[in-house]
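>>> Got a predicted structure plus its sequence, pasted below:
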Amino acid sequence: KEEKLICIGCGATIQSEDPQAIGYTPESAIKKGLENNELYCQRCFRLRHYNEIAPVSLTDDDFLRLLNQISDAKALIVYVVDIFDFNGSVIPGLHRFVGNNPVLLVGNKEDLLPHSLRRSKLADWMRQQANLNGIHPDAVALVSAKKNRQVDDLLELIEKRRQNRDVYVVGVTNVGKSTLINQIIKQTTGVKELITTSRFPGTTLDKIEIPLDDGHQLIDTPGIIHPDQMAHVLSDQALKIVAPQKEIKPRTFQLDEQQTIFLGGVARFDYEYGPKKGVVAYFENNLNLHRTKLSNADAFYEKHLGDLLTPPTMDEKDSFPALERHEFHVDVKSDLVIEGLGWITIPADATVAGFAPKGVSVIIRRAMI
Ligand code: GDP
């Protein structure tokens with residue numbers, strides 16, 4: 001009889017029939033993975049080997065050694081987060097290895113948030129979110145690595161703050177760290193090929209060093225896998241549809257109690273009880289949001305997954321993980337966040353439920369906007 005194989009990265013069941021579906025791994029890679037006792041699905045494998053820098057899981061001894069090196073070093077820590085997915089950008093235990101080193105918190109993907117949102121307010125919110133995780137940044141910066149916005153300001157800030165120190169750039173995968181590093185390389189050295197890949201002593205981890213003016217280095221550390229991200233659950237095709245590409249246009253719904261909004265077929269929001277004040281959804285503009293009655297929602301999902309409610313597509317829907325329900329009551333205006341997908345701002349005194357594929361976090365946080 002056949003034994004079920006599981007990806008150690010995202011927990012998906014390994015399959016080699018459908019390259020577009022969750023858990024796809026080519027036969028040859030399954031064999032190799034089993035031999036090395038390190039079986040990843042193709043997506044996680046690619047994430048790990050992004051840019052030839054191999055991200056590692058937090059339990060890895062090498063990774064702990066790397067963290068210890070940073071805490072022993074006299075360094076400026078540049079901590080890159082995706083402001084669209086702050087919770088998915090958290091590095092567990094970061095505050096422990098920061099030591100006494102100053103931290104510069106960089107919010108990337110600034111281009112995705114509405115223009116109308118005051119950037120100083122956003123910076124305050126980021127600082128507050130970081131504090132909740134024990135990180136007390138010396139400074140906060142907002143950039144768009146992709147659009148090359150404010151990257152020069154960031155470099156100036158780094159110069160001002162580093163004071164004869166090396167600079168370590170840290171972040172989980174998908175926050176855009178590689179895109180940012182590539183911009184920095186372009187602006188500081190002008191030549192891409194100047195990257196030198198070397199290893200952190202005592203580990204098998206690669207690092208990239210960018211020489212700074214005074215003999216110090218800017219060091220790009222391996223991206224860390226945050227397993228709860230949407231990126232680990234969806235197919236590449238589905239990810240293209242749900243990952244925001246442009247400035248998000250907030251969508252407002254005047255919801256009655258006992259109404260549901262489907263976010264394509266990948267997630268669901270139930271407004272159980274609460275005032276009739278309107279909720280605001282922040283998701284990729286092309287993701288179809290479909291409102292229905294809560295009492296009818298289960299049947300509706302069953303019937304329309306793959307057509308009205310997509311992604312996933314018809315072909316993908318059978319292997320798509322079931323949605324898990326997470327219920328919350330909030331006393332103050334808050335965001336219900338579906339990690340990596342977006343969020344819905346809900347009014348005070350509401351009871352709501354968020355549904356997401358198994359493995360994707362659903363949380364409540366202080367409203368960003
Ligand atoms: P890494 O894993 O942290 O190195 O992340 P990547 O640099 O590979 O970027 C992950 C994804 O985010 C890619 O699809 C990038 O195109 C996208 N991305 C990176 N920077 C930005 C940005 O400033 N704005 C937007 N909208 N997307 C970005």
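Structure's in. What do you need?

>>> where do the helices sit along this protein?
Along the chain, the segments classed as helices by DSSP state H run 27-35, 42-48, 61-72, 94-98, 119-132, 151-162, 177-188, 236-242, 294-304, 314-317.

>>> Rounded mean pLDDT for the shortest one, please.
Spelled out, that is helix 314-317. Per-residue pLDDT values over helix 314-317 give a mean of 92.

>>> next one: stretch 299-309
pLDDT averaged over stretch 299-309 gives 97.

>>> So which bits of it are buried?
For stretch 299-309, burial by neighbour count (16 or more other CB atoms under 10 Å) applies to 300, 301, 305, 306, 309. Quick note: C-beta positions are derived from backbone N, CA and C, even for glycine.

>>> May I ask which two of those residues are separated the most?
300 and 306 (12.6 Å; CB to CB).

>>> The closest residue to the ligand within the stretch 201-350 of the chain: neighbouring residues, count only.
Nearest residue of the stretch 201-350 of the chain to the ligand (CB to the nearest ligand atom) works out as residue 223 at 4.7 Å. Applying other CB atoms under 10 Å, we find 23 residues neighbouring residue 223.

>>> didn't it look like it was pressed against residue 179?
No: using CB atoms under 8 Å, residue 223 is not in contact with residue 179, being 11.5 Å away.

>>> Those residues of this protein touching the ligand, which are they?
Residues of the chain that fall close to the ligand, judged by CB under 6 Å from any ligand atom: 50, 108-109, 111-112, 144-146, 171, 173-179, 223.

>>> of those, buried ones?
Neighbour counting by 16+ other CB under 10 Å classes 108-109, 111-112, 144-146, 171, 173-179, 223 among these as buried.

>>> Lowest-confidence entry in the residues you listed?
residue 223 (72).

>>> now it: how far from residue 136?
23 Å (CB to CB, to the nearest Å).

>>> again, but for residue 292
Applying CB to CB to residue 292 and residue 136 gives a distance of 44 Å.

>>> of the two, who's got more company?
residue 292 (18 against 13).

>>> residues touching the more buried one, list them.
Residues near residue 292 by CB atoms under 8 Å, 6 or more residues apart in numbering: 259, 260, 261, 262, 300.

>>> Kindly report the same for residue 74.
Counting by CB under 8 Å, 6+ apart, residue 74 makes contact with 101, 165, 166.

>>> now with 7 Å?
With contact taken as CB atoms under 7 Å, 6 or more residues apart in numbering, residue 74 is in contact with residue 165.

>>> do you know how far it is from residue 157?
As judged by CB to CB, residue 74 and residue 157 stand 18 Å apart.

>>> Residue ranges in the stretch 101-250 of the chain under the pLDDT threshold?
Within the stretch 101-250 of the chain, the stretches with pLDDT under 70 are 189-208, 226-229.
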